[in-house]
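Chemist: got a predicted structure plus its sequence, pasted below:
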Amino acid sequence: MQQGNLFTGIPAVFPQEIFETLLEQPGVRLERILSRGQVTPPGQWYDQDGDEWVLLLQGQARLAFADGSQLTMEPGDWVYIERHRRHRVEYTSAEPAAVWLGLHLRIRNPAATPG
């Protein structure tokens with residue numbers, strides 16, 4: 001058995017976002033992400049091979065998508081980002097720190113697999 005608290009161990013200052021894997025199984029990874037004002041560097045986009053479900057637990061954030069749309073997030077808001085949908089973090093609150101849960105999925109639909 002493993003256990004923890006998502007709101008403990010948040011440093012007062014950190015220069016980069018912190019990604020902590022909480023659970024990993026074949027095709028699935030759950031991580032806690034901590035942001036304190038960090039954003040995606042200019043001109044850089046996340047373009048991931050797997051789908052991602054993200055939940056903002058604390059703080060505020062804003063995501064931008066390559067199609068020009070934006071999503072402002074408050075605690076409790078979640079978004080499902082399909083694989084290869086280019087996105088970036090435009091804003092995260094410094095106080096309180098933004099605490100996220102990110103569920104990364106690399107499971108393919110078995111019905112789509114020839115065979």
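Modeler: That came through, no problem.
Chemist: ok, the residue nearest the centre of the chain - contacts?
Modeler: By CA atoms, centre = their mean, the chain has its centre lying nearest to residue 102, at 4.2 Å. Residue 102 is in contact with 19, 30, 31, 32, 33, 52, 53, 54, counting by CB atoms under 8 Å, 6 or more residues apart in numbering. All C-beta atoms are positioned from the backbone trio N, CA, C, and that covers glycine.
Chemist: show me what it bridges to in the sheet.
Modeler: Taking DSSP bridges, one finds residue 31, residue 54 as the beta-bridge partners of residue 102.
Chemist: where does pLDDT dip in the chain?
Modeler: Within the chain, the segments meeting pLDDT under 70 span 107-115.
Chemist: in it, which spans are strands?
Modeler: 18-25, 28-35, 51-58, 61-65, 70-73, 78-81, 87-92, 98-105 (DSSP state E).
Chemist: quick check: which of those is nearest to residue 42?
Modeler: Taking CB to CB, strand 87-92 is the member of the strands of the chain nearest to residue 42, at 9.2 Å.
Chemist: the closest one: how far from the chain's middle?
Modeler: Here strand 87-92 shows a centroid-to-chain-centroid distance of 10 Å under the convention CA atoms, centre = their mean, to the nearest Å.
Chemist: counting contacts, what elements does it pack onto?
Modeler: Counting contacts by 3 or more CB pairs under 8 Å, 6 or more residues apart in numbering; DSSP states H and E, strand 87-92 packs against strand 61-65.
Chemist: can you list the buried residues in the strand it packs on?
Modeler: Within strand 61-65, the residues that count as buried by 16 or more other CB atoms under 10 Å are 61, 63, 64.
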